[in-house]
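Trainee: The following comprises the amino acid sequence and a computationally predicted model.
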Amino acid sequence: MNSFASLHPLNLFVYFAAVIGFSMLFMHPVLQSIAFLAAFICSIIAKGRRGLRFNLIGLLPLLLFMAALNPLFNHQGVTLLFYLESGNPVTLESILYGLSTAVMFVTVILWFSCYNQVMTSDKFIYLFGRILPAFSLLLSMALRFVPRYMAKIREISFAQKGIGRDVTQGSWIRRMKRGMKILSIMTTWALENAIETADSMKSRGYGLPGRTSFAIFRFDRRDWRVLLVLTILIALVLMGALLGENSIRFFPSIRTPDRSLLSYIVYAAYFALCSLPVVMTIQEGIHWKRID
């Protein structure tokens, strides 16, 4: 996703704010299908085999589990399918609502995984460093520390395993104590690292009025064109939301708005919005092939 990631941070932030917000708000099956497929493909493009393995092994079982869990507790709906052994009914509406909720949850996770790959901490600080210096620094540190925490936990686990304190061996009490030891070491490292980072930024005068900073980001003609396209597509999707084209009712019975020309325009705009990184990546690949 080099072509998409090279866009100005403002365009990247607007894009991810739009797709993540729309994925959480719209539960229409057509819009959800578009967002899920686009986020799934984007995560694979951004992470490669690691992203495909995470999507299939991690998120797909989570989606199925959440979809199957909702009918066990939600018994609303008029289309009765069967009764559980406890006597509670299972309805078609509760199953579809659980599936829709699970797809929404997984789609948001996929978009955030793409966000972490593209929207780096320096881009976030560039956008909000002058407006909200403390908040932007805290959020960028939190996002940056997530992969660092995982790598550090593996490092500590291997070190403990080398001295005979493997968490996979011994009784469950011994394994629990060793796991708590790793967690304690990890917490100490995280706190020390956060203090060092805060002191380093303070010594550099971060957040002080009048402080200048170097930035390599420039808003060029391509960024203006992309921002114009994003604005038009987001406006069309919001217009569909205001006119009720993006809504769906699950209870007591499933009901969606009647499809019209506006519906297909909204679907096309949402598809173009969600697939923008994929389109730009394909265009970049075609461009480099022509050069070769």
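Mentor: Cool, the structure landed. Residues are numbered from 1 along each chain as shown.
Trainee: from here on, contacts and neighbour counts on C-alpha atoms
Mentor: Noted.
Trainee: Where does the prediction get shaky in the protein?
Mentor: Applying pLDDT under 70 to the chain flags the ranges 1, 133-147, 206-207, 209-215, 292.
Trainee: Contacts only, for the residue nearest the centre of it.
Mentor: In the chain, the C-alpha nearest the mean C-alpha coordinate belongs to Phe112, at 1.8 Å (CA atoms, centre = their mean). By CA atoms under 8 Å, 6 or more residues apart in numbering, the contact list for Phe112 reads Ile20.
Trainee: mind listing what's buried in the helix or strand it falls within?
Mentor: With secondary structure defined by DSSP states H and E, Phe112 is part of helix 92-118. Using 16 or more other CA atoms under 10 Å as the test for burial, helix 92-118 gives 92-115, 118.
Trainee: what's the following helix or strand after that helix?
Mentor: Helix 92-118 is succeeded, C-terminally, by helix 121-128 (DSSP H and E).
Trainee: in that following helix, what counts as buried?
Mentor: Burial within helix 121-128, assessed by neighbour count using 16+ other CA under 10 Å, is assigned to 121, 123-127.
Trainee: mind checking how far that helix is from the chain centre?
Mentor: If you compare the mean C-alpha spot of helix 121-128 with that of the full chain, they lie 18 Å apart, counting by CA atoms, centre = their mean, to the nearest Å.
Trainee: Which elements pack onto that helix?
Mentor: Packing contacts for helix 121-128, counted by 3 or more CA pairs under 8 Å, 6 or more residues apart in numbering; DSSP states H and E, involve helix 9-25, helix 133-162.
Trainee: what's in contact with the helix or strand hosting Leu227?
Mentor: Assigned by DSSP H and E, Leu227 belongs to helix 221-242. Outside helix 221-242, the residues within contact range by CA under 8 Å, 6+ apart are 7-8, 11, 15, 18, 246-247, 262-263, 265-266, 269-270, 272-273.
Trainee: Now, of those, which are buried?
Mentor: Among the contacts of helix 221-242, the ones that count as buried by 16+ other CA under 10 Å are 7-8, 11, 15, 18, 246-247, 263, 266, 269-270, 272-273.
Trainee: longest single helix anywhere in this protein?
Mentor: Looking across the chain with DSSP state H, the single longest helix is helix 172-203.
Trainee: Figure out how far that helix is from the centre of its chain.
Mentor: Taking mean C-alpha positions (CA atoms, centre = their mean), helix 172-203 and its chain are 26 Å apart.
Trainee: Pull out the buried residues from it.
Mentor: 175, 178-179, 181-182, 186, 190, 198.
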